[in-house]
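Novice: Quick one: sequence plus predicted model below, questions after.
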Amino acid sequence: MAVVLRNLTVERARDSATRLIAATHALQPQVDFRRVSHVIRRLNKQRLAFSLSDQPWRLLVGLGCVLFPAAFFGLVFPTLPVTTPGIVLLIALAFATYLADWVGGVFALLVTAFALNIFFVGDRWRIDAPSDATEASGFLVTLVAGSVLIWLIERIKHQSVVDRRAALAAKSAATALASLETVAASHAPGDEAGRSQMFDSVVRALVGIHRAHSGALYVTSNTSADLHVAASYGLGEAGVGSVLAPSIADQFAYLVARAGRPIAVGDVAVDPRFARIRQGRGSVRALLGAPVRGQHDEELGVVMIGLLVPHHFTATEIAKIDALARQVAAIVATATAVDARDVLLKRAQDEQHRLELVIAAMPEAVILAAPPDGKIIAANDAALALFGPLDQGDLSKRLFHTSGERCANEELPFVNALQTGEALVGIELLVRHVNGTDVPVLASAAPVREPDGTIVAVVAVFRDIAELKQASQLKDEFVSIVSHELRSPLTPIRGFVQLVAKELDREGGHDSQVQRLRSLNGHVDRMTRLVDDLLDVSRFKAGPLEIRRSEADLVSIVAEVVQVRAAAAPAHHVHFDAPAGLIVGDWDRDRLHQVIDNLLGNAIKYTPADGTVVVAIGVDAATHEATVTVSDNGPGIGAEDRERIFTAFYRTRSAEASRIAGLGLGLYICHELVAAHGGIISVDESPAGGASFTVRLPLSTEAIAA
């Protein structure tokens, strides 16, 4: 045990001396060389004293391990061949080498040779030459095997010491770097000084662990994969170069980054990869580096160590720096993630501030409601001006339907959007202002979702349409007044035109004048229809349309319209398809005549010459409805126009492009008249490629077949 303790003491002394030498090389400007030399001389004297005091013990161990088994076999089994005791003595020799190092092993080998010669070679009790070839070969094999055994055991012991030292260093490195990783996770975002200090501690830890003279940590920038020095130790001012004049460390860092694996350079002076780089005084001679890669194998940087003397790096050293590089990767990634998190947080705060400014500047009232009950959590200035204080976050006392009924909580647009998960657009409501007046608004609401679909809020917008409503009312009044004023002179004009035409026709010889008067009468009729359309629109706006219901046959109504329109349009083919019988319902005959006339007139107007228009009547027994379908092979109606085709004064793009006359009221009037009968009208694409309008009217009685 004393021998083992002394060996460990000597190893510690040797390690201390090595670290001091490394520190001397790396910190030359700050170290007192006389003091360092004095310390080293004391350590060498101590090591020599240990060595001299150990020698007698080692010799005694070597002598005792071999002499006792040799004497036992020599005295008890004197006739054994030399190979048998040789094997036993080799075991004793191995034991002596393990306990007393190579000194005890060599001394034990000498004792083994002496004992074998005395007891088993030639004459006993004297040193003699082997009597035959068997003794000679056994004797020589034992000595050679003993020498090899001493070398192997010493080799194994040395490697064991190196591995144990490496394991202790790796353990201490892992502990140190783990603490640095904790510091990296807790350092303040954007603290460049703290970040540099942390990276400097990483480099110093790596240099101390490997007993190197210098080291450096290169990291990639946030915007590119270029390497730059994050921290260095012992390289001096000339150790790190520039893009135009890279140093040895810079060149080596790029070599390691491109290779993507650890690289060791035993002597930079003889390596052709560094031939073009000028080596200054005190430059590194041996380099060992490893890439620093993230969790997803992304390149984070390079870590390296350097020695001022040539050195052959072992596989253990290379594996150790590779393992430590992975630990450094965690530190670099953590520090980078903290800074990136700070950047993202600042960016999010800036975007939130800009969004708040945009919402505050919007002229419409904007509120933000939160699940699950739609409580209002934010509102802009326009919302506060419209609704008043929103301390309770409840708008059910402020919002009313256009009919004057108060909106229930579940009928509020933002609550409805929150419950259904669907956007609501263009809902007309009334807001009861704090001064008691009712303000018409157009409300829209839409849910705000997370990427996984979860609704986190609802945004509702309320647009004050009081001025629009007033303008619309003025427009309706204007249309109504103008329509009445225009219709008044049209009746006498038509009467006088018809009277003059009849008188001229009766006199004869005035064919051209009669033709002109009849043409004028047609224009008066068209003008009358336009005025009637305007009057109908004003009636629709004024209130519910009066429908004079009576028992009417749909087949006869449509047949009459088809007959008149077909006669007036000889250039078109009008086909009429109806069942052989009556389809009777409780309808307003004149209004249905107006609907079919408008649809058929539009179909003929937009169908090119020699085109075909099909009018079909049927009964849907499942829904108990009568159907009228008017199809053409004109340009058709695009999907983007179909939702607005039945609104007042709306014309499709193709109609405007074709410059066909019209106010955009015919389909609107058809829609309102059909709705007044409790029916629906829809548009689709016809089989011939044009438009197909379908009117569905409820039947009051069963269709009667003829």
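Specialist: Alright, I've got the coordinates. Numbering: from 1, shown residues only.
Novice: Ramachandran angles for Tyr233?
Specialist: phi -150, psi 130 (degrees, to the nearest 10).
Novice: Just give me the neighbour total for it.
Specialist: 24 (other Cβ atoms under 10 Å). Every C-beta, even on glycine, is put in place using the N, C-alpha and C of the backbone.
Novice: Which strand residues bridge it?
Specialist: Counting by DSSP bridges, Tyr233 is bridged to Gly215.
Novice: What residues sit buried inside stretch 294-306?
Specialist: Of all the residues in stretch 294-306, those buried under the rule 16 or more other Cβ atoms under 10 Å are Gly294, Glu299, Leu300, Gly301, Val302, Val303, Met304, Ile305, Gly306.
Novice: Looking at that stretch now, give me its mean pLDDT.
Specialist: Summarised as a single mean, pLDDT over stretch 294-306 is 87.
Novice: With just CA atoms, put it into PDB.
Specialist: C-alpha atoms of stretch 294-306 as PDB (Å, rounded to 0.1, in the frame of the first residue of the first chain):
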ATOM      1  CA  GLY A 294     -26.600  21.500 -32.500                       C
ATOM      2  CA  GLN A 295     -29.400  19.000 -31.700                       C
ATOM      3  CA  HIS A 296     -30.400  18.800 -35.300                       C
ATOM      4  CA  ASP A 297     -26.900  18.600 -36.600                       C
ATOM      5  CA  GLU A 298     -26.800  22.300 -37.600                       C
ATOM      6  CA  GLU A 299     -23.400  24.000 -37.500                       C
ATOM      7  CA  LEU A 300     -22.900  26.200 -34.500                       C
ATOM      8  CA  GLY A 301     -19.100  26.700 -34.500                       C
ATOM      9  CA  VAL A 302     -15.700  25.100 -33.800                       C
ATOM     10  CA  VAL A 303     -13.800  24.600 -30.600                       C
ATOM     11  CA  MET A 304     -10.000  24.100 -30.600                       C
ATOM     12  CA  ILE A 305      -6.900  23.800 -28.400                       C
ATOM     13  CA  GLY A 306      -3.300  24.500 -29.300                       C
END
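Novice: from the chain's centre, how far out does that stretch sit?
Specialist: How far stretch 294-306 lies from its chain's middle: 25 Å, per Cα atoms, centre = their mean, to the nearest Å.
Novice: picking up where we left off before, might you specify the subset of the buried residues of stretch 294-306 located within strands?
Specialist: Among the buried residues of stretch 294-306, the ones falling in strands (DSSP state E) are Glu299, Leu300, Gly301, Val302, Val303, Met304, Ile305, Gly306.
Novice: Next, the contact list for the second one, please.
Specialist: With contacts taken as Cβ atoms under 8 Å, 6 or more residues apart in numbering, Leu300 has the following neighbours: Val219, Thr220, Val292, Arg293, Gly294, Ala329, Val332, Ala333, Thr336.
Novice: what about the first one, is that helix, strand or coil?
Specialist: By that I understand Val219. strand (DSSP: H, G, I helix; E, B strand; the rest coil).
Novice: Check the ones in strands among the buried residues of stretch 294-306 against Ala325 and report the nearest one.
Specialist: Val303 (5.1 Å; Cβ to Cβ).
Novice: where's that closest one relative to Ala333, distance?
Specialist: The gap separating Val303 from Ala333 is 13 Å, by Cβ to Cβ, to the nearest Å.
Novice: From the contact counts, what lies against the longest strand seen in the chain?
Specialist: Ranked by number of residues, the top strand in the chain under DSSP E is strand 438-449. Judged by 3 or more Cβ pairs under 8 Å, 6 or more residues apart in numbering; DSSP states H and E, the packing partners of strand 438-449 are helix 413-420, strand 424-432, strand 455-464, helix 466-507.
Novice: For these, give me a markdown table that also has distance to Phe646 and mean neighbour count.
Specialist: Below are the helices and strands packed on strand 438-449 laid out as a markdown table (distance: least, Cβ to Cβ, whole Å; neighbours: other Cβ atoms under 10 Å):
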| stretch | distance to Phe646 | mean neighbour count |
| --- | --- | --- |
| helix 413-420 | 24 | 21 |
| strand 424-432 | 15 | 16 |
| strand 455-464 | 23 | 20 |
| helix 466-507 | 17 | 13 |
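Novice: Out of these, which gets the lowest mean score?
Specialist: helix 466-507 (a mean of 71).
Novice: number of nearby residues for Val328?
Specialist: 28.
Novice: Look up phi and psi at it.
Specialist: According to degrees, to the nearest 10, Val328 has phi -60, psi -30.
Novice: contacts for the longest strand of the chain?
Specialist: Taking Cβ under 8 Å, 6+ apart as the rule, strand 438-449 contacts 365, 386, 399-400, 402, 413-414, 416-418, 421-433, 455-466, 469.
Novice: which one is Arg432 nearest to, not counting chain neighbours?
Specialist: Distance criterion Cβ to Cβ, 6 or more residues apart in numbering; nearest residue to Arg432, sequence neighbours excluded, is Arg398 at 5.3 Å.
Novice: Centroid-nearest residue for the protein?
Specialist: Pro451 (9.6 Å; Cα atoms, centre = their mean).
Novice: helix/strand/coil for it?
Specialist: coil.
Novice: Check the contact between the residue nearest to Arg432 and Phe387; I expect there is one.
Specialist: Yes. Using Cβ atoms under 8 Å, Arg398 is in contact with Phe387, at 5.3 Å.
Novice: Show me which of these two is the more surrounded one.
Specialist: The residue with more neighbours, out of Arg398 and Phe387, is Phe387; 23 against 20, by other Cβ under 10 Å.
Novice: tell me the pLDDT at Phe72?
Specialist: pLDDT, read off for Phe72, is 78.
Novice: immediately after whichever strand or helix holds it, which helix or strand?
Specialist: Taking DSSP states H and E as the definition, Phe72 sits inside helix 33-76. Downstream of helix 33-76, the next assigned helix or strand under DSSP H and E is helix 83-119.
Novice: Mind giving me the packing neighbours of that following helix?
Specialist: helix 2-26, helix 33-76, helix 133-186.
Novice: Any idea which of those has the lowest pLDDT on average?
Specialist: Looking at these, the bottom one is helix 2-26 with a mean of 39.
Novice: What mean pLDDT does stretch 370-390 get?
Specialist: pLDDT averaged over stretch 370-390 gives 78.
Novice: Correction: the previous question concerned stretch 269-288.
Specialist: The average pLDDT within stretch 269-288 is 78.
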